[in-house]
Structure formats: structure tokens, C-alpha cells
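Visitor: need the 3D shape of this:
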Amino acid sequence: MDLVCPAGNYQSLIKAVDGGADAVYIGLRNETNARHFAGLNFTDKQITKGIDYAHQRKCKVYCAINTYPREAHWQRWTSSVDQAMDLGIDTLIVADIGVMEYIRSRSADFPIHLSVQASATNLQALNFYYQNFGILRAVLPRVLSLRQVAQLAKTAPCELEVFGFGSLCIMAEGRCYLSSYMTGESPNTMGVCSPAAYVDWQEQDGKLESRLNNLLIDRFSEGENAGYPTLCKGRFEVNSSVEHVLEEPTSLNTMGILPELNSAGVAAIKIEGRQRSPAYVNQVTRAWRKAIDRVVLHGKRVGLEEISGLANLAEGKQTTIGAYERSWQ
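Guide: Numbering: from 1, shown residues only. As a prediction, the model looks like this:
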């Protein structure tokens, strides 16, 4: 299994490559990628530099152009495709069929990976993308059980990539418009579920408050970990009780089921976190390199110590295997 790691900036790219990633994925500095945060992503010069660094160490560089274009801004997506391909990117990670068609108008065989944002959860969808656009790989949404992933892998016309570690979301990827109710901008179109322009932090009565477009999302006591304010992970008062109403902060960690994912024929494990620090990328990449090598090269399971070793990097300092354990699916 390939290890595909996040690189939100050049320093993170170096940490991922040096840590043993088989591929890193990056984004351009615009809303064509689903991690369009201020201070993240790459300029042309940084992409060229990053590709050189990675290729010298036998690591590939993928570029995510995986949000959905609006008609008035279509040229921004096509220009981003041109930019990435001309700079020597190894693969484009894409969700929109119009963008895929544009790539194919430029090249009949340039590698396309179907983004998790396309939310392809069944064989018929994978066949459609393969037959019409020749996708090489599909990144599966984090809503499928282990049994469903294994069943897809038996008949899928392309390679399958699954998320192994990182933040979770209550939405099926590619179908989230929740934040648009608060800001008018969704991650599907603008690349970020809580645009920084709408985020505000205030000190009130000795507590730190986070707001999204003036709506109170959360309130943190001194010393409490303050997460970025997204509507789905906010704490709200319901029936006189303040709690995480929609989603409690937690992270996915599939180290414990790596042998099953490997046996199922999964081609790649993806680590979420382009918005995270180079130190995070370094620690997670090295841990997962060891875990995959232990399973694939030596046929052994990953120990509990290694699995729990990443708990401090998880949201809310807790992890889950998410939908993979849904026995009824």
C-alpha cells in the first residue's frame, strides 16, 4: 500500500518526503482545492522546488483541484489545471466531471485520481468515472464499512485509496453545504468550511469564544484546547445542556485494521491534514511508514502502543475507526 501524506506548505512536504511518504498531495493558492486556508498551499516556485525535492527521493507529488467550479469562475479551474500540469505534477486529484473533461482535452492519459469530494460510494459510479475519464484511482468517502470497501475492491475498475488517519466529518464528502447557511460559502465551492473572513475570536469573562459570522460556536475555559470554529463541531445549548450537538471532535485511526485493508486490495492509505503543522506531518508520516511496512513487508499487526501513540495528535485526543466498524453495512 502506498502512503499518501498531506503537504500544506513546503516545510510539510519536506517532512512527509523525509518521513517515508510514497506520495504527497498539495494545493494551489486559490479556491480550486478543498483546503483553501490563508497561509497554506503553493506558489509556482514552491511547486517546482517541491517536485524536485520529492522526485529526487522517489516520491510523487499530487495536486488537488477538487472543488466544484461555478460558471462565472470556470476559467480559474482550467487555468489551475494548466498550471499544475505544466509545472510537472504527477497526478491531479479531481471531483468535477467538467474539470476531468478539460484534462482529457489536454491529454488522453494524464493520471487522474477521483477525489473523495466526488463522493463515489458504489461500483456504478466508479465505472462511470473510469469509462468516461480513465481515472487511475478513486479516494473513497469515509462513510463505507470495511465490508463495503472490500466488496468494492473486488470489482473496481481502478485502484482504491482510503483515509487512514485524521479529522472526520459527519457529511459524506462532496455533499456538505452546512457552512453555506452561515456564511454563504461552502467547502464544495470555496475550499474551506469556515472561511477565515467570517471567523472571530473574543475574550469574554476570562473565557475564549469562537464565532462564525457573529454566531457563537464555542466557548473555551483556560487551558482547554480551542478548536477551529466549524458549525458541525460547535457546542450548543439544548434542553439546558451544553454539548456537541452534531459532531464530537475525534480523529480516524485505522492502524488496527491495516491487515484487513491490505488483504482487501486497498492500493493506498491517505493521511488527512494539509492544514496541520510540519511537526504533525513529520510524526504522523513516520508512524504510518512503520505501520504499513510492518503489515505489508512482515505480515504482522500493528501493536497497541503504536496505535495509541498518535492519540495526542487526534482531535479531542480520541480516535475511532469510524464507519469501518459498521457491521450492519
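
Visitor: C-alpha only now, for contacts and for neighbours.
Guide: Fine.

Visitor: and the closest residue to residue 38 other than its chain neighbours, how many residues sit next to it?
Guide: Among residues not flanking residue 38 along the chain, residue 196 sits closest, at 7.4 Å (Cα to Cα, 6 or more residues apart in numbering). Counted by other Cα atoms under 10 Å, the residues lying close to residue 196 total 15.

Visitor: which residues does the residue positioned nearest the centre of the chain contact?
Guide: Nearest to the geometric centre of the chain sits residue 272, at 4.2 Å (Cα atoms, centre = their mean). Residue 272 is in contact with 5-6, 163-167, counting by Cα atoms under 8 Å, 6 or more residues apart in numbering.

Visitor: try it again with 7 Å
Guide: 6, 165-167 (Cα atoms under 7 Å, 6 or more residues apart in numbering).

Visitor: over to residue 180?
Guide: residue 186.

Visitor: for it, give its distance to residue 231.
Guide: Using Cα to Cα, to the nearest Å, one gets 10 Å for the distance from residue 180 to residue 231.

Visitor: next one: residue 76
Guide: Relative to residue 231, and taking Cα to Cα, residue 76 is found at 28 Å.

Visitor: how about residue 156?
Guide: 35 Å.

Visitor: cool, and residue 129?
Guide: Noted for residue 129: a distance of 32 Å to residue 231, by Cα to Cα.

Visitor: just give the number of residues close to the closest residue to residue 12 other than its chain neighbours.
Guide: Excluding the flanking residues, the one nearest residue 12 by Cα to Cα, 6+ apart is residue 278, at 4.3 Å. Close neighbours of residue 278, defined as other Cα under 10 Å, add up to 22.

Visitor: ok so, going back, looking at residue 156 and residue 231, which has the bigger crowd around it?
Guide: For residue 156 and residue 231, the more surrounded residue by other Cα under 10 Å is residue 231, and the numbers stand at 23 against 19.

Visitor: shouldn't that one be in contact with residue 181?
Guide: No: counting by Cα atoms under 7 Å, residue 231 sits too far from residue 181 to count as a contact (9.6 Å).

Visitor: name the helices or strands packed onto the biggest strand by length in the chain?
Guide: Ranked by residue count and defined by DSSP state E, the top strand of the chain is strand 159-167. Where contact means 3 or more Cα pairs under 7 Å, 6 or more residues apart in numbering; DSSP states H and E, strand 159-167 is packed against strand 137-139, strand 251-253, strand 268-271.

Visitor: least reliable of those strands going by mean pLDDT?
Guide: Taking the mean pLDDT of each of these, the lowest value is held by strand 251-253, a mean of 88.

Visitor: partners of that strand in the sheet?
Guide: strand 159-167 (antiparallel), strand 319-320 (parallel) (DSSP bridges).

Visitor: list the buried residues in stretch 291-310.
Guide: 291-292, 294-295, 301-302, 307, 310 (16 or more other Cα atoms under 10 Å).

Visitor: picking up where we left off before, can you tell me which of the strands paired with strand 251-253 is most buried?
Guide: Mean neighbours per residue, mean count of other Cα atoms under 10 Å, is largest over these for strand 159-167, with a mean of 21.

Visitor: following it, which helix or strand comes up?
Guide: Using DSSP states H and E, the helix or strand that follows strand 159-167 towards the C-terminus is helix 180-183.

Visitor: give me the mean pLDDT for that following helix.
Guide: On average, helix 180-183 scores 83.

Visitor: switch to numbering from 869
Guide: Right, with 869 as the first residue, what we last looked at is helix 1048-1051.

Visitor: which element follows that helix toward the C-terminus?
Guide: helix 1055-1058.

Visitor: off-centre distance for the helix or strand where residue 1087 lies?
Guide: Assigned by DSSP H and E, residue 1087 belongs to strand 1083-1088. Centroid separation for strand 1083-1088 versus its chain: 25 Å, with Cα atoms, centre = their mean, to the nearest Å.

Visitor: likewise stretch 1132-1144?
Guide: Centroid separation between stretch 1132-1144 and its chain, computed with Cα atoms, centre = their mean, is 8 Å.

Visitor: got it, and stretch 1071-1082?
Guide: Distance of stretch 1071-1082 from its chain centroid, counting by Cα atoms, centre = their mean, is 28 Å.
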